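Colleague: Would you be able to build a 3D model of this:
(one chain, ligands or ions: 1)
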Amino acid sequence: MPEADVNKEEKKYYENIPMKSECFFLKGSNSLDWGMKNRLARIFNSDTGRTVMLAIDHGYFQGPTTGLERVDLNIVPLVKHADALMLTRGILRTTISPAFTTPIVMRASGGPSILKELSNEEIAVDIEDAIRMNVSALAIQVFIGGEFETRSVHNMTKLVNMGLRYGIPVLAVTAVGKDMVRDAKYFRLACRICAELGAHVVKTYYVPEDFETITASCPVPIVMAGGKKLPVLDALTMAYNAIQQGASGVDMGRNIFQSEDSIAMIKAVNNVVHKNLKPAEAFELYKTILNKKK
Ligand code: R5P
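Modeller: Numbering: from 1, shown residues only. Predicted coordinates:
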């Protein structure tokens with residue numbers, strides 16, 4: 001037992017130094033509870049306020065996507081280079097070692113396959129299971145303008161309610177139907193609806209015109225989705241432009257894991273996101289890493 005601690009003279013109270021009350025570093029997140037902020041701070045680097053999230057959840061509606069046929073062989077070596085990993089609980093439990101400490105953003109919606117109407121989704125993970133798997137955030141698709149728009153929005157609001165109960169943030173993914181025009185007007189609408197209805201982070205596509213109006217009018221952090229595979233320099237340019245125009249990071253899949261050298265690509269993207277490396281320099285970095293292996 002320690003002795004009773006009674007000697008006030010020996011204590012240091014620093015009465016003249018007021019305790020600091022600091023703002024949380026992420027946009028729109030200051031009023032969240034401690035657990036929620038702590039999970040967001042695992043995903044977003046607190047020095048840059050940004051993240052490089054690796055998305056490998058594509059199998060939840062399209063099966064063994066090119067590059068994801070063997071997650072154990074193709075993706076596991078990449079994981080340590082990502083700030084966060086977005087995936088399904090099936091791949092997490094079967095293929096990712098619990099010894100990995102990379103934060104997990106778990107896909108929490110599903111239902112239709114690519115053979116059916118994709119907006120007809122339901123919540124596909126219990127909050128208790130998300131807690132068991134120690135996830136840092138839950139991700140859900142929102143189909144603004146889609147056939148099952150209202151259902152997808154309600155899925156998101158239900159997930160936000162569950163997440164708030166346990167301090168787990170929700171990433172809303174703006175899913176674009178085949179008939180939608182991918183422009184700033186559409187993404188301003190979709191992102192703002194997600195944030196207004198409680199999403200803590202929104203994932204959206206880059207558009208070359210007025211992307212900064214999407215980030216400016218969304219009161220929570222936006223991460224840029226990668227989309228289909230582009231030439232390396234184009235993908236790096238897109239990531240650079242999105243970051244310079246207000247995105248708080250990227251959540252990229254195919255442009256990383258379908259690259260000729262996915263480790264070189266994620267390193268190049270990391271430098272664009274966290275160090276503001278220009279696209280041409282990042283491309284040089286990519287080529288240097290690639291050529292060293294040849
Ligand atoms: C798709 O619905 C998933 O959320 C993917 O994670 C997302 O599209 C990002 O992957 P990619 O960069 O390949 O588009």
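
Colleague: For the ligand, see how far away M19 is.
Modeller: 41 Å (Cβ to the nearest ligand atom, to the nearest Å). Quick note: C-beta positions are derived from backbone N, CA and C, even for glycine.

Colleague: What count of nearby residues applies to that residue?
Modeller: 5 (other Cβ atoms under 10 Å).

Colleague: Give me the phi and psi for R107.
Modeller: Backbone geometry at R107, expressed as degrees, to the nearest 10, gives phi -60, psi 120.

Colleague: The ligand contacts on the stretch 1-150 of the chain?
Modeller: A55, D57, H58, M86 (Cβ under 6 Å from any ligand atom).

Colleague: Dump those into JSON lines; add pLDDT as well.
Modeller: Listed next are these as JSON lines, based on pLDDT from 0 to 100:
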{"residue": "A55", "pLDDT": "98"}
{"residue": "D57", "pLDDT": "96"}
{"residue": "H58", "pLDDT": "93"}
{"residue": "M86", "pLDDT": "98"}
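
Colleague: and which of the residues you listed is nearest the ligand?
Modeller: Minimum separation from the ligand among these (Cβ to the nearest ligand atom) is found for A55, which lies at 3.2 Å.

Colleague: And the nearest residue to that closest one once chain neighbours are set aside, how far from A108?
Modeller: For A55, ignoring the flanking residues on the chain, the nearest one in space by Cβ to Cβ, 6 or more residues apart in numbering is G253 at 3.7 Å. As for G253, its distance to A108 is 17 Å (criterion: Cβ to Cβ, to the nearest Å).

Colleague: which residues of the stretch 51-200 of the chain fall in helices?
Modeller: For the stretch 51-200 of the chain, applying DSSP state H, counting those that start in this stretch gives helices covering 59-62, 71-74, 76-79, 89-95, 127-132, 149-166, 184-196.

Colleague: contact partners of the last one?
Modeller: So that's helix 184-196. Contacts with helix 184-196, where a contact means Cβ atoms under 8 Å, 6 or more residues apart in numbering, come from 28, 142, 144-145, 153, 156, 172, 174, 176, 180, 202, 204-205, 207, 209-211, 213-214, 217-220, 222.

Colleague: from these, which would you call buried?
Modeller: 142, 144, 153, 156, 172, 174, 176, 180, 202, 204-205, 207, 211, 213-214, 218, 220, 222 (16 or more other Cβ atoms under 10 Å).

Colleague: about what we covered before: among the contacts of helix 184-196, which ones are in strands?
Modeller: V142, A172, T174, V202, T204, Y205, I222 (DSSP state E).
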